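Novice: let's see this in three dimensions:
(2 chains)
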Amino acid sequence: MTVFFFIAKAIVFLTAIVLLLSIWVVLFNNMAIRREALAKKGRSALREALEGCLRGEIRASAFSTPDHGEEKLLIGLVAQLAEEMGEAARKKLLYIFETTGTHFLVQQELRRLSHSRNWRRRQRAATYLPYIAINHVIIPPLLRALEDKSLMVRFSAAHSLAKIKAIEATVPILEQLSAPAQWPAARTIEIINEMGCEAIPILLHYLAQPSPKNDGKVFAISALGLQRARQAIPLILAYLSSPDKELRIQSAKALGNIGGLEAVTALCDSMRDSAWEVRALSASSLGLLKADRAIAALAGALGDSVWWVRYNSADALAELGQKGITALKNALTHEDRFAAEVSRLVMQERSLIKCSTVTSQP
Amino acid sequence: MSPDMLAVLDILVRIILIYYLMMHGIYFLLILFGSIDQKRYHQGIQFHEFKRISDSPLTPPVSIVISAYNEEKVIVQTLLNVLQLRYPQFEVIVVNDGSEDGTLKLLIERFQLEPLDKVFKKQLPSKPVRAVYHSAVHKNLIVVDKENGRRADANNSGVDHARYPIICQIDADCVLEEDALLYMIRPFLYNRNVVAAAAIIRPSNGLIVENGRIIKRNLPETWIPLFQAVEYLRSFQWARLGLTRLKSMLCMSGAFTIIRKEIFIAVGGANVGAVVDDFELTVTLHRYIHEHPEAKDFEISYIPDPGCYSQVPETLKAFCSQRNFWQRAILQSLIWNRDMAFNSLYGMAGMFGIPFYFIFEALSALVEAGAYIIAVLVLFFRIDSPAILMLLFIFGVMLGTLVSICAVLLQSTTRMRQEKTRDLIRMLSAGLIEHFGFHQFHVLCRLMGMYDLLVRGKLAYGYRERTEYRSPPVP
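Specialist: A predicted model of the protein is given here:
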């Protein structure tokens, strides 16, 4: 029992310490709340000053340099304002860093990006640099950061490069962020899409290359679709019959997003693809293209073996206007029960017909 | 008392003391692990990340399944709250699980529901569906009216009707933060191996809700929910986060869980025969991950952001009924999955998770009751009583209080600290006095739960009460 008594004494001692600590934490919490209120005031004042600069009421040179320790706050506020007020505000705010005594912060963040051992610091620097430094200063280090060993740093650097529309980073981003098998493709596509239409020629050139990696091509096609790049249609059409399933899926989706009628025939052919994902996305895309000549292919797919293909086909028919709706109505009496059921569902969802029976399970 | 009896008593006291020490020690370590992971989580969130997720056309759509049984007091506010979530694309499927009150009528009137000939592929076991409705005002809302079959059954039916690849299950008495789904989807976006995620749940009893929006996040006003607030803090905010790090988190609360539909179907959905489905579903997920080589890299994630608030019982009767229910659920699931215990095939879940939950969760009520009986015997037979009683008090009560207070104090060091000093004092006080009466009552309820499961074979919930959300005062 001696050991237990010894442990018991330790517990009593610890409890006493924790109780004393509680009193200290209560007092500290009280002080922290007050300090936070003060900091909030300071933040508001700094924000007002920055907004004054943006409105031109305060000259940037008259902007007072923040006290030591407030740099983080200033950078955060500048980034926040730039996000809220848009690209023009970001550029104006950059001018403050150019003309006031705050440019040392830029050097500090650049050093962190290149040399910090802590990946979170490198990531933070990669995130905030576009808000405090001009493009030609930050593009080379951010491009280098695309090869960082931490994926999160690479990701933040790519985002920042996309934010400042550094189109020369498009291919490096495609190459660097398509590497890890675990990394979801959607995140990279978002970044490429953020580059805007300036990246379209580079993406087209990348797709036209004979041997880039298929992963990169998937991202490029998807981004071109989101950008609605009509000039990409011929290239994407070629990929619609690629042996790579992922390429076919993204091509079918992108053609719908772009909206060119020249893709209708190829998409109708894709309704016979062996992969159901391609068939389902082709159906959705045909609905977006709104071409009457797709009706036969879509009506034929109402009896597909996969629910999503049936549903997307019915939904696409409803999108095609009166002729499509007539095809759906005809399918209500279709001998194929699945075709009739999915047509009824879509028409009811769109309030085109009322529910006739109480639902029972199939 | 004979010397033999005294020797047995001495051994029993030693076993109980070691048990207490191990239980509270492990909890203390889990709380520490949890606090470290929470800090990492917040540091890892990038600037404007949730806005980016919310704005992206590539964020995966989510089907939110809400099972509702006799929820007329809260269902409208819950639904209004869910429909206002900031998320690019989601549908809401309310499954009216054969309610006997006005839940369905209320839904039909408030959301202008119209019948729908919904075709669905029945992949999971559930009771027959009576009707499906869709809303004329909210295009992403459907209501499935089915025969009563309890929550697992309702969730299965909801998942059968879900369109999207990711399912979010919530209880009908839950209120979500506007960004809750964004918090939940985040791990899925960065890691393809994440198949399910759970999050911190807090009591909603002090919330002020207006038209489904959270206006104020107050602490519960009365002591019973406040004790549970400390308990939720200890277990949801810290211990489960720590257990997740050890790949041993065996309970994704059914109040707020997100899971890939294909996995939910692959494991056979929620177990309709279980007392409660969430614990069993989590254990089944762990089993699936370890038994299927193609799933070996799958992960369950835990989000230390307070996204969901759930009602906790406000009366002792309702509290007892809930804890009785939970005790039955844990015990049943652990008995069903006993082959996983100390089985290296199941990794940390088998080697640590299942034994931990069995020894320190399922059996703790029994051991604690044993400690109280020994204390009475010691008093009755006047055996070296002050020393043994003091040891039992220090290891059982004082150590538990220490862990509770540490949990509250640790919260004060995070960005989720109490906004008012008064609230911090109330939480500390609750942590301090919880072990003097309330905890013993909790032990009694759990003992009753063990009896109800093992002797009476009871599965049903029992007594339950719902209160409406507090509204802002009229000016």
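Novice: what sits against residue 276?
Specialist: Answering for chain A, as no chain was given. By CB atoms under 8 Å, 6 or more residues apart in numbering or on different chains, the contact set of A:W276 is A:D304, A:S305, A:V306, A:W308, A:V309. For glycine as for every other residue, the C-beta is placed from the backbone atoms N, C-alpha and C.
Novice: that was the other one, I meant chain B.
Specialist: By CB under 8 Å, 6+ apart, B:V276 lies in contact with B:R151, B:A152, B:G254, B:F325, B:W326, B:R328, B:A329.
Novice: quick check: next helix or strand after the lowest-mean-pLDDT helix or strand in chain A?
Specialist: Using mean pLDDT, DSSP states H and E, helix A:87-99 stands out as the lowest-scoring helix or strand of chain A, at a mean of 78. Under the assignment DSSP states H and E, the closest C-terminal helix or strand after helix A:87-99 is helix A:103-115.
Novice: from B:I388, how far out is B:R382?
Specialist: 11 Å (CB to CB, to the nearest Å).
Novice: sorry, back to before: okay if I get the contacts of B:V276 as a markdown table plus neighbour count, distance to chain A and secondary structure?
Specialist: Shown next, in a markdown table, are the contacts of B:V276 (neighbours: other CB atoms under 10 Å in any protein chain shown; distance: CB to the nearest CB, whole Å; DSSP: H, G, I helix; E, B strand; the rest coil):
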| residue | neighbour count | distance to chain A | secondary structure |
| --- | --- | --- | --- |
| B:R151 | 23 | 19 | helix |
| B:A152 | 25 | 18 | helix |
| B:G254 | 24 | 24 | coil |
| B:F325 | 23 | 29 | helix |
| B:W326 | 19 | 28 | helix |
| B:R328 | 28 | 30 | helix |
| B:A329 | 23 | 28 | helix |
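Novice: nearest to A:R117, of the residues you listed?
Specialist: The closest of the contacts of B:V276 to A:R117 turns out to be B:G254 (CB to CB; 42.6 Å).
Novice: the closest one reaches B:R151, doesn't it?
Specialist: Yes - using CB atoms under 8 Å, B:G254 is in contact with B:R151, at 6.5 Å.
Novice: hey, what's in contact with both of these two?
Specialist: Between them, B:G254 and B:R151 share the contacting residues B:D171, B:V276, B:D277, judged by CB under 8 Å, 6+ apart.
Novice: next up, the contacts around the last one.
Specialist: For B:D277, the residues meeting the contact criterion (CB under 8 Å, 6+ apart) are B:R151, B:A152, B:N155, B:G254, B:A270, B:N271.
Novice: farthest pair in the residues you listed?
Specialist: B:G254 and B:N271 (11.7 Å).
Novice: list residues touching both of the two?
Specialist: Joint contacts of B:G254 and B:N271 (CB under 8 Å, 6+ apart) are B:D277, B:L281.
Novice: quick one on the thing from earlier: tell me which of B:R382 and B:I388 has more neighbours.
Specialist: B:I388 (21 against 8; other CB atoms under 10 Å in any protein chain shown).
Novice: now the more buried one. Nearest residue, chain neighbours left out?
Specialist: B:V378 (5.1 Å; CB to CB, 6 or more residues apart in numbering or on different chains).
Novice: which SS state does that neighbour fall under?
Specialist: helix (DSSP: H, G, I helix; E, B strand; the rest coil).
Novice: so it touches B:A387, yeah?
Specialist: No - applying CB under 8 Å, one finds B:V378 not in contact with B:A387, separated by 9.3 Å.
Novice: so which residues on the stretch 301-450 of chain B come close to chain A?
Specialist: B:387, B:390-391, B:394-395, B:398-399, B:401-402, B:405-406, B:409, B:412, B:417-421, B:424-425, B:428 (CB under 8 Å from any CB of the partner chain).
Novice: which of those residues are buried?
Specialist: Burial by neighbour count, 16 or more other CB atoms under 10 Å in any protein chain shown: within those this picks out B:391, B:394-395, B:398-399, B:401-402, B:405-406, B:409, B:412, B:417-418, B:421, B:424, B:428.
Novice: what's the closest of the residues you listed to A:A220?
Specialist: Closest to A:A220, out of all of these and judged by CB to CB, is B:R417, at 46.3 Å.
Novice: quick check: which element contains the nearest residue to the closest one once chain neighbours are set aside?
Specialist: Leaving out its chain neighbours, the residue that sits closest to B:R417 by CB to CB, 6+ apart is B:Q411, at 5.9 Å. Assigned by DSSP H and E, B:Q411 falls within helix B:399-412.
Novice: and for A:L19?
Specialist: Using DSSP H and E, A:L19 falls in helix A:2-55.
Novice: swap in B:R40?
Specialist: B:R40 belongs to helix B:3-44, assigned by DSSP H and E.
Novice: all strands for the stretch 1-150 of chain B, in order.
Specialist: B:62-68, B:90-97, B:113-115, B:129-135, B:141-146 (DSSP state E, counting those that start in this stretch).
Novice: can I get those strands in TSV with mean neighbour count, mean pLDDT and distance to A:R43?
Specialist: Shown next, in TSV, are the strands of the stretch 1-150 of chain B (neighbours: other CB atoms under 10 Å in any protein chain shown; pLDDT from 0 to 100; distance: least, CB to CB, whole Å):
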stretch	mean neighbour count	mean pLDDT	distance to A:R43
strand B:62-68	26	95	34
strand B:90-97	25	95	34
strand B:113-115	19	90	47
strand B:129-135	21	92	42
strand B:141-146	24	95	40
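Novice: how about the ones you listed in CSV, adding distance to B:A341?
Specialist: Below are those laid out as CSV (distance: least, CB to CB, whole Å):
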stretch, distance to B:A341
strand B:62-68, 30
strand B:90-97, 33
strand B:113-115, 47
strand B:129-135, 38
strand B:141-146, 36
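Novice: quick check: which of those strands is nearest to chain A?
Specialist: Closest approach to chain A among those is made by strand B:113-115 (3.6 Å; CB to the nearest CB).
Novice: which strands and helices sit next to that closest one?
Specialist: In terms of contacts (3 or more CB pairs under 8 Å, 6 or more residues apart in numbering or on different chains; DSSP states H and E), strand B:113-115 is packed against strand B:129-135.
Novice: hmm, who's touching the strand it packs on?
Specialist: By CB under 8 Å, 6+ apart, the list of residues contacting strand B:129-135 reads A:348-349, A:358-361, B:107-108, B:111-118, B:141-147, B:157, B:161.
Novice: direction included, what does it pair up with?
Specialist: Within its sheet, strand B:129-135 is paired with strand B:113-115 (antiparallel), strand B:141-146 (antiparallel), according to DSSP bridges.
Novice: in JSON lines, list the ones you listed along with distance to A:L281.
Specialist: Formatted as JSON lines, those follow (distance: least, CB to CB, whole Å):
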{"stretch": "strand B:113-115", "distance to A:L281": "30"}
{"stretch": "strand B:141-146", "distance to A:L281": "24"}
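Novice: A:S313 is nearest to which of these?
Specialist: strand B:141-146 (20.9 Å).
Novice: from the chain's centre, how far out does the closest one sit?
Specialist: Relative to the centre of its chain, strand B:141-146 is centred 24 Å away, using CA atoms, centre = their mean, to the nearest Å.
Novice: and stretch B:208-221, what's buried?
Specialist: B:V209, B:G212, B:I214, B:R217, B:L219, B:P220.
Novice: before we move on, what about stretch B:338-352?
Specialist: B:M340, B:A341, B:Y346, B:G347, B:M348, B:A349, B:G350, B:M351, B:F352.
Novice: what about it, distance to the chain center?
Specialist: 22 Å.
Novice: shaky segments in the chain?
Specialist: No chain was given, so I picked chain A. For chain A, the stretches with pLDDT under 70 are A:60-70, A:100-102, A:178-184, A:211-212, A:355-362.
Novice: actually, chain B is the one I wanted.
Specialist: B:1, B:384-385, B:461-466, B:468-475.
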